[in-house]
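Enquirer: pasting a predicted model and its sequence here:
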2 protein chains.
Amino acid sequence: MTTQPSVRAPRRDAAENREALLAAARVVLNRDPSGSLETIAAEAGLSRRSVYGHFATRDDLLRELVALGANRVVDALATVTHPDPLTRLALIASNLWREVESVRMMAVVAVRGPLAKNTASLLRPIRLSVGDAIRDGQHDGSMRTDLDAALLTRLVEDTALLVLEESSEHPLAARDGHRLVMLMVLGCVGLGWRDAGAFIDAEPELQWKERH
Amino acid sequence: MTTQPSVRAPRRDAAENREALLAAARVVLNRDPSGSLETIAAEAGLSRRSVYGHFATRDDLLRELVALGANRVVDALATVTHPDPLTRLALIASNLWREVESVRMMAVVAVRGPLAKNTASLLRPIRLSVGDAIRDGQHDGSMRTDLDAALLTRLVEDTALLVLEESSEHPLAARDGHRLVMLMVLGCVGLGWRDAGAFIDAEPELQWKERH
DNA sequence: GGTATCTTGCACATCGCTGTGCAAGATATT
DNA sequence: AATATCTTGCACAGCGATGTGCAAGATACC
């Protein structure tokens, strides 16, 4: 029962323009999180009017954009598995940074802004693995036990976000951010600064690697 | 050359209404940071129209509100002096929490929102004393030295803000927040969780006291 | 009680934005 | 070359908000 009203396949440039709009939205919203459709369309080299040929509403565009980004991040973190919970947590933080650092502002907005609820559900897998790592870490004594696991999980997430925000305002080299986000997260779960630094230096998997 | 056009002094109820509007704005904006003048006026028992009898523009109202709050906080922190930088920092965090916890949301907006620049300048004294404490702490070896003092200062501020945000979404008893904000700040400057907890417990000035 | 001062309601202008309808033009596809 | 598919510009409606003018009413003040 698939609809078959059109005798001809959709044009290729249409699909390209759709992509261009999503890309433009990423750029614009990463500069000004409340950028208008006008601005986005212009960035894509299109008119505001034609946006509505691809997305029913502004929110649809936004949601799709966030969904794409969120899936990308979730996929990238899905492969993270390590027996040691501290290493696992640091790996999550480090991969997160790697995936998101180029769209820091938008990421912050997606998580904080009006789409927060939507985003949160998309990122649920990450929440879960962070929570797992923390419970494991509390259990084997490598992480602090003076705070509830659920609270600590949120604090860790917010700490990672904090580094993103900080680096939105005071730009940070990708490499420095990579180390900083791990340092902060490890500090958040209870490690002293020397321990955290030593821990990172001792673990080869946690070293910075240029992309590809 | 002071203007003397009015034969009569301003009415007292006018001044009261002005206060009422500020108070209402505090309440409303703390519930919904983008609340409209309509809502604020209603909360104050006035009409939207009469707001303009007291404040030229919405922004004026906002700015005055923020200025009042900021001054209150700055005054409260002005008295904090302690030879030990760790204690001083924890005291700043603790007093900050005490002053701000009842208007957490608004505080977050004032610092993050469009008035951020304005707010930042009002809070400059706090920035300075945090910065001082951190430089002192790095110098006497009680705080981490792997991060630049300026960066660390911002991270500490953001960490305090993080606790406010966390407690906006997942309410926290005033007393728990008081301890949490100190724990997080001490963790941020490099202490391990056991050290931070022990440090707080050992210092009488850092204990929770009910207000008045 | 007289009067300046506030408050109020209503109408209206404005602004920036989203979303639509439509007709004309451009272009990929066949 | 024919045609379905996109794009565009323009006009327009709508929404939610801020800000104003004005006249009528309420109220503190002397």
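Expert: Good, I have the coordinates.
Enquirer: ramachandran coordinates for the residue nearest to A:Asp140 when sequence neighbours are not counted?
Expert: Closest residue to A:Asp140 apart from its sequence neighbours, by Cβ to Cβ, 6 or more residues apart in numbering or on different chains: A:Pro85 at 6.7 Å. Where C-beta positions appear, they are placed from N, C-alpha and C, glycine not excepted. Main-chain dihedrals, A:Pro85, degrees, to the nearest 10: phi -60, psi -40.
Enquirer: tell me which residues touch A:Pro85, please.
Expert: Residues near A:Pro85 by Cβ atoms under 8 Å, 6 or more residues apart in numbering or on different chains: A:Ala133, A:Ile134, A:Asp136, A:Gly137, A:Asp140, A:Ser142, A:Met143.
Enquirer: weed out the non-buried ones from those residues.
Expert: Neighbour-count burial (16 or more other Cβ atoms under 10 Å in any protein chain shown) is assigned, among the contacts of A:Pro85, to A:Ala133, A:Ile134, A:Asp136, A:Gly137, A:Ser142, A:Met143.
Enquirer: how near is the residue nearest to A:Asp140 to B:Leu191?
Expert: Using Cβ to Cβ, to the nearest Å, one gets 21 Å for the distance from A:Pro85 to B:Leu191.
Enquirer: can you check A:Arg112 too?
Expert: A:Arg112 is 28 Å from B:Leu191, by Cβ to Cβ.
Enquirer: just checking, what packs against the worst-scoring helix or strand of chain A on mean pLDDT?
Expert: Least confident helix or strand of chain A, by mean pLDDT, DSSP states H and E, is helix A:104-112 with a mean of 81. Contacts defined by 3 or more Cβ pairs under 8 Å, 6 or more residues apart in numbering or on different chains; DSSP states H and E place helix A:104-112 against helix A:12-31, helix A:58-78, helix A:116-122, helix A:149-169.
Enquirer: would you mind giving these as TSV with mean neighbour count added?
Expert: As requested, the helices and strands packed on helix A:104-112 are exported to TSV (neighbours: other Cβ atoms under 10 Å in any protein chain shown):
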stretch	mean neighbour count
helix A:12-31	16
helix A:58-78	17
helix A:116-122	15
helix A:149-169	20
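Enquirer: mind telling me which of these the model trusts least?
Expert: For the helices and strands packed on helix A:104-112, mean pLDDT drops lowest on helix A:116-122, to a mean of 89.
Enquirer: any bit of it sitting next to chain B?
Expert: No. For helix A:116-122 and chain B, the contact criterion (Cβ under 8 Å from any Cβ of the partner chain) is not met; the two come no nearer than 9.7 Å.
Enquirer: and the helix or strand just after that helix, what's buried?
Expert: Counting by DSSP states H and E, the next helix or strand C-terminal to helix A:116-122 is helix A:124-139. Across helix A:124-139, burial judged by 16+ other Cβ under 10 Å covers A:Ile126, A:Ser129, A:Val130, A:Gly131, A:Ala133, A:Ile134, A:Arg135, A:Asp136, A:Gly137, A:Gln138.
Enquirer: list the contacts of the nearest residue to A:Leu162 once chain neighbours are set aside.
Expert: Distances taken as Cβ to Cβ, 6+ apart place B:Asp158 nearest to A:Leu162, at 4.9 Å, with adjacent residues excluded. Each residue near B:Asp158 by Cβ under 8 Å, 6+ apart is listed here: A:Leu162, A:Glu165, A:Glu166.
Enquirer: also A:Arg12?
Expert: Contacts for A:Arg12 (Cβ under 8 Å, 6+ apart) come out as none.
Enquirer: OK, contacts around the nearest residue to A:Arg112 once chain neighbours are set aside?
Expert: Distances taken as Cβ to Cβ, 6+ apart place A:Leu161 nearest to A:Arg112, at 8.0 Å, with adjacent residues excluded. A:Leu161 sits next to A:Ala107, A:Val108, A:Val111, A:Arg112 when contact means Cβ under 8 Å, 6+ apart.
Enquirer: same deal with A:Gly45?
Expert: When contacts are counted by Cβ under 8 Å, 6+ apart, A:Gly45 is found next to A:Ala20.
Enquirer: where does it fall, secondary structure wise?
Expert: Using DSSP H and E, A:Gly45 falls outside every helix and strand.
Enquirer: who's more crowded, A:Arg112 and B:Leu191?
Expert: With neighbours defined as other Cβ atoms under 10 Å in any protein chain shown, A:Arg112 and B:Leu191 compare such that B:Leu191 has more, 25 against 16.
Enquirer: distance of the residue lying closest to that one once chain neighbours are set aside from A:Gly137?
Expert: Residue nearest to B:Leu191 in three dimensions, not counting chain neighbours: A:Gly192, with 6.0 Å by Cβ to Cβ, 6+ apart. Using Cβ to Cβ, we find A:Gly192 at a distance of 15 Å from A:Gly137.
Enquirer: tell me which of the helices and strands packed on helix A:104-112 lies nearest to DNA strand D.
Expert: In terms of Cβ to the nearest atom of the strand, the element of the helices and strands packed on helix A:104-112 nearest to DNA strand D is helix A:12-31, at 3.4 Å.
Enquirer: centre of the chain to that closest one, how far?
Expert: Its chain's average C-alpha position is 19 Å from that of helix A:12-31, according to Cα atoms, centre = their mean, to the nearest Å.
Enquirer: quick one: is the helix or strand immediately after that helix in the chain near DNA strand C?
Expert: Heading C-terminal from helix A:12-31, the first helix or strand you meet, by DSSP H and E, is helix A:37-43. Yes. Between helix A:37-43 and DNA strand C, judged by Cβ under 7 Å from any atom of the strand, the touching residues are A:Leu37, A:Glu38.
Enquirer: residues from chain A in reach of DNA strand C?
Expert: Residues of chain A found near DNA strand C (Cβ under 7 Å from any atom of the strand) are A:8-9, A:11-13, A:36-38, A:48-49, A:52, A:56-59.
Enquirer: up against DNA strand D, what does chain A have?
Expert: Counting by Cβ under 7 Å from any atom of the strand, the residues of chain A close to DNA strand D are A:6-8, A:10-11, A:13-14, A:17, A:41, A:45-47, A:49-50, A:53-54.
Enquirer: contacting residues for the closest residue to A:Glu43 other than its chain neighbours?
Expert: Computed as Cβ to Cβ, 6+ apart, the closest residue to A:Glu43 that is not its neighbour in sequence is A:Ala24, at 3.7 Å. Contacts for A:Ala24 were tallied using Cβ under 8 Å, 6+ apart; they are A:Ile40, A:Ala41, A:Glu43, A:Ala44.
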